[in-house]
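Asker: Make a model of this:
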Amino acid sequence: MTTREVEHEITVSAPAATVYRLIAEVENWPRIFPPTIYVDHVEKGEGTERIRIWATANGEAKQWTSRRTLDADSKRIDFRQEVSAHPVASMGGAWIIEEASPGVSRIRLLHDYRAVDDDPESLRWLDEAVDRNSRTELEALKTNVELAHTNEELTFSFEDSIRIAGSAKDAYDFVNDADQWAERLPHVATVRLTEDTPGLQELEMDTRAKDGSVHTTKSYRVTFPHRRIAYKQVTLPALMTLHTGYWTFSPDDGGVTASSQHTVTINTDNITRILGSEATVEDAKAYVHNALSTNSLATLGHAKDYAEARA
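Answerer: Okay, the predicted model is just below:
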């Protein structure tokens with residue numbers, strides 16, 4: 001069997017401990033790494049963990065499970081895929097963070113991998129995917145760490161919730177069945193939904209704003225019936241450089257609480273063009289918050305009607 005071993009590296013203007021912590025906290029990966037859609041923990045122990053990762057590779061959405069060993073003292077994280085997605089036969093590697101000089105770190109990203117049946121075409125595909133994703137991840141990590149202070153000001157999160165006198169399943173179904181949103185939601189003009197892998201959706205839609213303009217967005221969604229739908233937008237409105245979030249459905253004796261959470265980073269380059277020369281970052285935050293809340297609450301309201309009609 002042919003095993004490839006490759007290494008990528010980058011230098012970052014940040015302390016090694018800061019970089020290590022950022023990589024160790026997988027829940028932040030969708031914000032840091034462009035290919036990553038969503039990550040959750042399967043198991044978490046002392047220095048070891050199993051995680052599920054949903055990410056794009058060469059434009060295709062994939063899902064796999066990895067085991068990680070974390071060593072904070074040596075600032076090394078080893079990883080190995082347990083359940084790989086075709087055409088990967090095996091995949092593993094390590095993050096190694098070294099102090100290059102005071103306040104400067106060298107990040108090394110190691111990979112070893114094999115293709116199913118040693119297929120040459122699959123191996124070429126993997127070579128391209130690993131190289132592209134590694135470079136993208138390292139550049140994104142460098143940007144995220146070095147602009148941490150700026151991003152802190154530009155990034156914010158919020159959540160809207162609604163009470164439903166119905167079942168979590170019915171409320172979940174309404175949000176999950178996004179292919180019917182054009183008929184069910186006034187602010188949605190058209191929808192294109194594909195789900196080639198169960199639980200992993202590609203959603204593209206045209207949404208109407210209050211001023212009548214139409215915006216096209218594309219998201220990948222990871223579904224957990226009937227509890228949660230997590231998503232990451234990959235085609236974004238002009239005022240955002242990042243938009244991740246999730247829908248949650250929490251049942252209790254009186255019905256269900258349905259919530260929509262958003263995490264957004266403002267695109268400062270477009271504030272003046274969209275909101276005028278006097279607009280500030282805070283104005284942009286308020287504008288985006290209002291627009292997203294309006295759409296989320298509209299969707300939750302229709303989900304409430306749908307679920308309560310079936311209660």
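
Asker: Only C-alpha atoms from now on, for both contacts and neighbour counts.
Answerer: Will do.

Asker: Name whatever forms a beta bridge with Arg80.
Answerer: Applying DSSP bridges to Arg80 gives these bridge partners: Arg67, Gly92.

Asker: er, Val39 actually
Answerer: Beta-bridge partners recorded for Val39 (DSSP bridges): Ile53.

Asker: Neighbours of it, how many?
Answerer: By other Cα atoms under 10 Å, 21 other residues sit near Val39.

Asker: who's in contact with it?
Answerer: Contacts for Val39 (Cα atoms under 8 Å, 6 or more residues apart in numbering) come out as 26-27, 29-30, 51-54.

Asker: In JSON lines, list the residues you listed along with distance to Asp252, pLDDT and neighbour count.
Answerer: Below are the contacts of Val39 laid out as JSON lines (distance: Cα to Cα, whole Å; pLDDT from 0 to 100; neighbours: other Cα atoms under 10 Å):
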{"residue": "Val26", "distance to Asp252": "30", "pLDDT": "90", "neighbour count": "18"}
{"residue": "Glu27", "distance to Asp252": "27", "pLDDT": "85", "neighbour count": "14"}
{"residue": "Trp29", "distance to Asp252": "31", "pLDDT": "86", "neighbour count": "20"}
{"residue": "Pro30", "distance to Asp252": "30", "pLDDT": "88", "neighbour count": "22"}
{"residue": "Ile51", "distance to Asp252": "28", "pLDDT": "94", "neighbour count": "19"}
{"residue": "Arg52", "distance to Asp252": "28", "pLDDT": "93", "neighbour count": "20"}
{"residue": "Ile53", "distance to Asp252": "30", "pLDDT": "93", "neighbour count": "21"}
{"residue": "Trp54", "distance to Asp252": "30", "pLDDT": "94", "neighbour count": "21"}
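
Asker: Could you find which two of those are furthest from each other?
Answerer: Pro30 and Ile51 (13.7 Å; Cα to Cα).

Asker: quick one on the thing from earlier: and the contacts of Val39, which is closest to Thr248?
Answerer: For the contacts of Val39, the closest approach to Thr248 (Cα to Cα) belongs to Glu27, at 16.3 Å.

Asker: part of a strand, is the closest one?
Answerer: No: judged by DSSP: H, G, I helix; E, B strand; the rest coil, Glu27 forms no part of a strand; its state is helix.

Asker: Now that we're looking at the closest residue in space to it that isn't next to it in sequence, what pLDDT does it have?
Answerer: Once flanking residues are discounted, Glu27 sits nearest to Val39: 6.1 Å by Cα to Cα, 6 or more residues apart in numbering. As predicted, Val39 sits at a pLDDT of 95.

Asker: Roughly how far does Val39 sit from Ile32?
Answerer: 12 Å (Cα to Cα, to the nearest Å).

Asker: Kindly report the same for Asn290.
Answerer: 25 Å.

Asker: So which of the two has more stuff around it?
Answerer: Neighbour count, other Cα under 10 Å: between Asn290 and Ile32, Ile32 has more, with 22 against 12.

Asker: Quick one: residues contacting that one.
Answerer: By Cα under 8 Å, 6+ apart, Ile32 lies in contact with 137, 140-141, 144.

Asker: Am I right that Asp73 is in a helix?
Answerer: No: going by three-state DSSP, the assignment for Asp73 is coil, not a helix.

Asker: quick one, what contacts it?
Answerer: For Asp73, no contacting residues are found, by Cα under 8 Å, 6+ apart.

Asker: please redo it, this time with the cut-off set to 10 Å
Answerer: Going by Cα atoms under 10 Å, 6 or more residues apart in numbering, Asp73 touches Ala17.

Asker: Now do it against Thr56, distance only.
Answerer: Counting by Cα to Cα, the gap from Asp73 to Thr56 is 31 Å.

Asker: go on, Ala17?
Answerer: For Ala17, the distance to Thr56 - Cα to Cα - is 28 Å.

Asker: What's the local residue count around His8?
Answerer: As a burial measure, His8 scores 15 neighbours (other Cα under 10 Å).
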